[in-house]
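Trainee: predicted coordinates and the sequence they were generated for:
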Amino acid sequence: MSSKHTWFTSLINNKQFRGVAQIAILALLVLGINRVVQSYLGESAYEDTGLGHLTLPEAIQTAKSSNRLVLADMSAVWCPSCRKLDKQVLSQADVKDVINQDFVFTRIEYDSEQGEAFMQRFNVSGFPTLLVLNDNGDKLVQLPLTFDPNKFKSLLQQAANQFN
């Protein structure tokens, strides 16, 4: 037998190594399952907002033709804070009324080519990040993050009044 084979065999037969390897495999499985669960919960929370699925270019085009601003939400489907924003703020009827009246909403998913380009173009480093864009796709303002629907609605109204 080669010394490589003997070394590998003795490593595999080592009880301490097997225990560490089992823990590492278990940790990877838990992390993988957690990400799947978090993604499912995030997709469900976003669907419950009813805000649609326009890409950024589609939102900009719609904003041009409807004389509205773009509300761009940089998000990650597995992000707990993004899910909280969806559930506590973006799913509220009065918030959606303001969004639909003055803005064209678009969700930019972090784990996508569009997400990478958006992060580079607008120097976004975290999520959720909410930007108000004009109908040329230029950044007008970044909204501060709040989970208070009334405060968020007020921020939207201020942006609409200032830039429309």
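Mentor: Noted; the coordinates are in hand. Fair warning: this is a prediction, and the values are worked out from it, not measured in the lab.

Trainee: what ranges do the strands span in this structure?
Mentor: Ranges of strands in the chain, per DSSP state E, are 69-75, 103-109, 129-133, 139-143.

Trainee: out of these, which gets nearest to M119?
Mentor: strand 69-75 (7.0 Å; CB to CB). For the C-beta atoms, the positions are set from N, CA and C on the backbone; glycine is no exception.

Trainee: returning to that earlier point: so which of the strands of the chain is nearest A59?
Mentor: In this view, those are compared for proximity to A59 by CB to CB, and strand 103-109 is the closest at 3.7 Å.

Trainee: CA atoms only: put the closest one into CSV for me.
Mentor: Extracted in CSV, the C-alpha atoms of strand 103-109 (Å, rounded to 0.1, in the frame of the first residue of the first chain):
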residue,chain,number,x,y,z
PHE,A,103,-44.5,55.3,-7.8
VAL,A,104,-43.8,52.2,-10.0
PHE,A,105,-42.5,49.5,-7.6
THR,A,106,-39.7,47.2,-8.5
ARG,A,107,-38.0,44.6,-6.4
ILE,A,108,-34.3,43.9,-7.2
GLU,A,109,-33.2,40.6,-5.9
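
Trainee: what about it, distance to the chain center?
Mentor: 11 Å (CA atoms, centre = their mean, to the nearest Å).

Trainee: quick revisit: among the strands of the chain, which is nearest K84?
Mentor: Nearest to K84, of these and by CB to CB, is strand 69-75 at 11.1 Å.

Trainee: re the thing from before, could you dump the strands of the chain to TSV with mean neighbour count?
Mentor: Converted to TSV, these look like this (neighbours: other CB atoms under 10 Å):
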stretch	mean neighbour count
strand 69-75	24
strand 103-109	23
strand 129-133	22
strand 139-143	15
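
Trainee: skipping adjacent residues, who's closest to the residue most central in space within the chain in space?
Mentor: When CA atoms, centre = their mean is applied to the chain, the residue found nearest the centroid is S75 (1.5 Å). Among residues not flanking S75 along the chain, C82 sits closest, at 4.2 Å (CB to CB, 6 or more residues apart in numbering).

Trainee: how near is that neighbour to N123?
Mentor: 19 Å (CB to CB, to the nearest Å).

Trainee: more neighbours, these two?
Mentor: Using other CB atoms under 10 Å, the more surrounded residue of C82 and N123 is C82, with 24 against 9.
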